[in-house]
Each structure stands twice: as structure tokens, then as C-alpha cells.
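>>> Sequence below, structure please.
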Amino acid sequence: MAGVKLLMLVLLLGAITESSQFGSKIIGGKDVTINDFNWMAAVVLHSSPKTIRCGAVFLKGNWLLSAAHCFPRSKNAYKVRIGVRRLHDNSLKEDEYNISSIVFHPQYNRKEQGNDLALIKTDRPIRMYNLVGPVPGVDDGSYEWNSGSPCYVAGWGNTQETVSLDIYRPMQEVRVPIVDRQVCQSKYARQRIQIKHGMICAGQPGKGVCLGDSGDSLMCFHDNKWSLVGVVSFGIRCGQTGFPSVYTRVSSYRKFIHDIIRNY
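Below you'll find the predicted structure:
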């Protein structure tokens with residue numbers, strides 16, 4: 001019974017039940033301009049296209065990256081919205097795509113933390129409107145991100161734990177500090193959660209992600225370019241109790257990502 005309670009607790013950032021209202025929740029953020037983070041995508045249910053279930057990030061061609069636990073149903077239950085700025089309307093520069101394939105990391109296990117990564121293949125190549133500069137490259141692990149690194153997460157939804165983002169406001173962004181792995185582990189030790197090598201932690205009280213923000217991307221800026229560093233995986237109470245959010249560390253899965261895109 002204790003194990004079941006723990007699993008429910010750490011999945012607060014993810015898909016707890018199919019009846020939940022999903023959406024990217026950014027705490028302590030600010031409005032994103034029309035040209036910022038436009039490589040971000042919204043994963044929605046066909047049955048509820050205005051409710052964002054999870055985030056995803058465009059990689060290339062017709063491939064996006066998200067969290068594996070975002071997809072408890074078959075691929076036909078979901079579609080992808082690209083170019084979303086506000087939840088309430090469809091922009092002239094927005095496209096919708098059906099999903100032809102979802103490829104989970106082979107070691108992903110829904111009952112455990114870790115390997116929480118999925119590649120999404122859309123039914124046709126993705127068109128990017130208003131794209132300023134290149135999309136973030138998959139982090140290769142050559143740079144050591146630390147607490148001073150300029151890292152951001154962006155999405156739609158609550159501006160406080162129980163306060164939804166107004167549907168007329170645009171996507172929110174917030175800068176989040178990287179948290180040392182050992183420090184992060186000390187926070188989760190009492191919950192008997194292991195912060196594994198394939199994870200990275202970020203956030204601070206009052207700034208970060210929250211319930212339903214699964215699949216959103218941790219993006220860091222260095223040497224005049226963006227890097228895709230993490231994908232939101234799990235956390236506890238939106239970090240308000242001192243628990244950093246835990247992301248899948250993308251550099252640990254670089255080979256998996258490239259092999260699937262090249263060979264699938």
C-alpha cells in the first residue's frame with residue numbers, strides 16, 4: 001500500500017487519471033511573445049482539442065519529443081497542435097497533425113521512474129511558422145549545466161497551483177535554476193525516490209512547473225544557441241515544498257533519439 005501511495009504522489013506532474021484536466025502549468029512565469037519558443041507543441045485528445053494534455057518539442061521533419069507517461073492510450077486518441085499561442089482560439093499560423101507512431105524508450109516502465117521518453121511521429125512533415133533561428137539541438141552532454149545556467153520551461157495553464165491561466169493569455173515561460181543532483185536526491189530521499197543518472201532537476205519555490213506539465217521541455221541557452229536539456233517527468237506539489245521538478249536528461253538518450261529518427 002505504501003508503494004501505491006508513493007507512486008500516486010510522484011506522478012502529480014503527469015497523467016494521474018483519464019478524467020483529469022491536463023495542461024502545462026507554469027508557476028511564476030510571464031507571457032511568451034509570438035516568436036518565442038515556437039518549436040513547442042501541444043499534445044491534445046481528439047475528444048478535447050482545447051485541453052492540452054502534455055507538451056512536446058519539435059525536433060525535425062515529422063518528429064517531436066515528449067514524456068512516455070503522457071500516452072496511456074493508443075496513438076489514435078491524440079493529435080498534435082503546432083503554433084498554439086492561446087488556448088481559446090486557433091491561430092492562422094497553427095496546424096494540427098495526427099500521430100502515426102509513438103515510440104517509447106524500450107526500458108520505460110510506467111510503474112517506475114526513469115527512461116520517461118517518447119518520440120512522436122506525425123502523419124506529415126511539420127511546418128514551422130514564425131520560426132526565428134534554429135530549433136534547440138539535442139543536448140550532447142558536453143557542457144555542464146549548473147545552477148547559474150540560463151534554463152527555461154514554457155507552457156500553458158495554471159499560474160498558481162489552483163489558479164488556471166486565463167484562456168485569453170498566451171503561453172507562459174519561466175526561468176528555472178538547475179539543481180545539483182546530490183541536492184535533488186537529498187530532497188527526495190525520504191520518499192525513497194532515486195534520482196538516476198538519466199535525470200536532471202530544476203526549479204525553486206515559486207518558479208517552475210506543476211500538475212499536468214508532463215512532456216514540456218527544459219531548454220538552456222549557451223554559446224548563442226538553445227539546447228534541449230530535459231523533458232518534464234515527475235515531481236511533488238509543483239515544487240512549492242522545496243522539491244525540484246525532475247526531468248528526463250535528454251543527453252543520456254541522445255543515441256536512442258537519433259537511432260529512431262534515422263531508422264524508424
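>>> Just the helices from the stretch 101-250 of the chain, written as ranges.
For the stretch 101-250 of the chain, the helices defined by DSSP state H, counting those that start in this stretch occupy 181-188.
>>> can you pull the contacts of His258?
By CB atoms under 8 Å, 6 or more residues apart in numbering, the contact set of His258 is Val138. C-betas here are computed from N, CA, C, even on glycine.
>>> what helix or strand is it on?
Taking DSSP states H and E as the criterion, His258 maps to helix 254-263.
>>> what pLDDT, on average, does that helix get?
Per-region confidence: helix 254-263 scores 96 on mean pLDDT.
>>> Please apply the same query to stretch 72-92.
The average pLDDT within stretch 72-92 is 80.
>>> Check stretch 124-134 too.
Computed over stretch 124-134, the mean pLDDT rounds to 75.
>>> Which pLDDT value belongs to the closest residue to Val80 other than its chain neighbours?
Excluding the flanking residues, the one nearest Val80 by CB to CB, 6 or more residues apart in numbering is Tyr97, at 4.6 Å. Note for Tyr97: predicted pLDDT of 95.
>>> What residues sit buried inside the helix or strand containing Tyr97?
Here Tyr97, judged by DSSP H and E, is contained in strand 95-104. Of the residues in strand 95-104, 95-97, 99, 102-104 count as buried by neighbour count, 16 or more other CB atoms under 10 Å.
>>> Repeat that for stretch 108-128.
Of the residues in stretch 108-128, those buried under the neighbour-count criterion (16+ other CB under 10 Å) are 108, 113-122, 126.
>>> list the contacts for Asn109?
Residues near Asn109 by CB under 8 Å, 6+ apart: Asn115.
>>> where in the stretch 51-200 of the chain is pLDDT low?
Confidence mapping of the stretch 51-200 of the chain against pLDDT under 70 gives the ranges 86-92, 129-133, 156-170.
>>> about what we covered before: ok, the buried residues of stretch 108-128 vs His69, which is closest?
Ranked by distance to His69 (CB to CB), the buried residues of stretch 108-128 are led by Asp116 at 5.8 Å.
>>> who are the neighbours in contact with that closest one?
The neighbours of Asp116, taking CB under 8 Å, 6+ apart as the test, are 67-69, 105, 108, 231, 233-234, 248.
>>> Select from the residues you listed every entry located in strands.
231, 233-234, 248 (DSSP state E).
>>> If you rank those by neighbours, which is first?
When neighbours are counted by other CB atoms under 10 Å, Thr248 leads these with 30 neighbours.
>>> Tell me if I'm right that the residue nearest to Val80 and Ile126 touch.
Yes: between Tyr97 and Ile126 there is a contact under CB atoms under 8 Å: 6.6 Å.
>>> Need the overlap of contacts for these two.
Common neighbours of Tyr97 and Ile126, counting by CB under 8 Å, 6+ apart, are 62, 82.
>>> Please enumerate the strands of the stretch 51-200 of the chain.
Taking DSSP state E, counting those that start in this stretch as the test, the strands found in the stretch 51-200 of the chain are 63-66, 78-82, 95-104, 118-122, 137-138, 151-155, 172-175, 178-179, 199-202.
>>> Quick check: nearest residue in space to Asp95, chain neighbours excluded?
Nearest non-adjacent residue to Asp95 (CB to CB, 6+ apart): Ile82, at 5.0 Å.
>>> Repeat that for Lys196.
Nearest residue to Lys196, sequence neighbours excluded (CB to CB, 6+ apart): Gly114, at 5.3 Å.
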